[in-house]
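J.: Fold the following for me, if possible:
(chains A and B)
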Amino acid sequence: MTAARVSIRHEDFDLADEVAALRAGDGGVGAVAVFVGTVRDRNDGTKVKTLELEHYPGMTEAAIESMIDAAMRRFDIRAARVVHRIGVLAPTAQIVLVAVTSAHRHEAFQACEFLMDYLKTQAPFWKKEAGPSGVHWVDARVADDAALARWGIDSGNAAPSAAA
Amino acid sequence: MKVAVRYFASVREALGPGEEVGVDAGASIASLRDALAARGGRHAEALGRDRVLRSARNRVLSAEDTRLEDGDEVGFFPPVTGG
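T.: Sure thing, here's the model as predicted:
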């Protein structure tokens, strides 16, 4: 089957169902790498009550589609899928899934990490955290830009490159 | 010409979801941002040059020197924090 490669939604996802759908009927798959991001109950030492995720409808889906295209060009992988939740999420909830299939493990691991590094700094999502001292927007991390730079890609997110 | 401006996250909280804005031919994302900030008040606070913002033209991340065309959609928002 060919499931859509990108799903942005409020509803949770089931890891086993996602993996089964991604590799269904493809006998060439010898490796599946999966990353799942979840909501921590603490961030920078502060208790987290809820995390609210906003996105740019239309742009988000297109951005992640092009990231998957880039991963397919760059790595010898067979299929990839990204699910990202939006709305209000409580600690321990699943936020994001990146799943990749390939013939051998190395390419699947690499493509999975590449997609996550890309998504963290180039997909239009914003997190708002509610804790004991109120509500605030989460700051972008320079470390996430550095993670993307390892792949030779300039992020310009937390630390924008040259002003326009 | 006219462009549809859209705001997200902290910028949306300050200015609302967006607005239609008239711009001169040859305008860029940067000149649009500066013209909006020049209105003062909340616009100056949310879009001023002391704010680190990213921008998109027609739903693609775009540097501020990108030229605009009539009917474009321009998004302004803080650095992204998904995943």
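J.: Can you spell out which residues form a bridge with B:Leu61?
T.: The partner list for B:Leu61 in beta bridges (DSSP bridges) reads B:Ala56.
J.: That one against B:Arg54, yeah?
T.: Yes. Shown here, B:Leu61 and B:Arg54 form a contact pair, counting by C-beta atoms under 8 Å, at 6.5 Å. (C-beta placed from N, C-alpha, C; glycine too.)
J.: Looking at those two, which one has more neighbours?
T.: B:Arg54 (22 against 19; other C-beta atoms under 10 Å in any protein chain shown).
J.: B:Ala25: neighbouring residues, count only.
T.: The number of residues packed around B:Ala25, counting by other C-beta under 10 Å, is 9.
J.: Please tell me how far stretch B:15-31 is from the chain's geometric centre.
T.: What separates the centre of stretch B:15-31 from the centre of its chain is 6 Å, taken as C-alpha atoms, centre = their mean, to the nearest Å.
J.: Over to stretch A:91-111?
T.: Stretch A:91-111 has its average C-alpha position 9 Å from the chain's average C-alpha position, going by C-alpha atoms, centre = their mean.
J.: got the CA positions of that stretch in CSV?
T.: As requested, the backbone C-alpha atoms of stretch A:91-111 are provided in CSV (Å, rounded to 0.1, in the frame of the first residue of the first chain):
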residue,chain,number,x,y,z
PRO,A,91,3.6,14.9,29.4
THR,A,92,4.3,11.4,28.1
ALA,A,93,2.2,12.0,25.0
GLN,A,94,3.7,11.1,21.6
ILE,A,95,4.5,14.2,19.5
VAL,A,96,6.3,13.0,16.3
LEU,A,97,7.1,9.9,14.4
VAL,A,98,9.7,9.5,11.7
ALA,A,99,9.9,6.0,10.2
VAL,A,100,12.2,4.9,7.4
THR,A,101,12.7,1.6,5.6
SER,A,102,15.7,0.4,3.7
ALA,A,103,17.5,-2.7,2.6
HIS,A,104,20.2,-2.3,5.3
ARG,A,105,20.3,-0.7,8.7
HIS,A,106,22.9,2.0,8.0
GLU,A,107,20.9,4.0,5.5
ALA,A,108,17.7,3.7,7.6
PHE,A,109,19.4,5.0,10.7
GLN,A,110,21.0,7.9,8.8
ALA,A,111,17.9,8.9,6.9
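J.: how about the residues of chain A near chain B?
T.: A:37, A:53-56, A:58-59, A:62-63, A:84, A:95-96, A:116, A:119-128, A:137-140, A:156-158, A:160, A:163-164 (C-beta under 8 Å from any C-beta of the partner chain).
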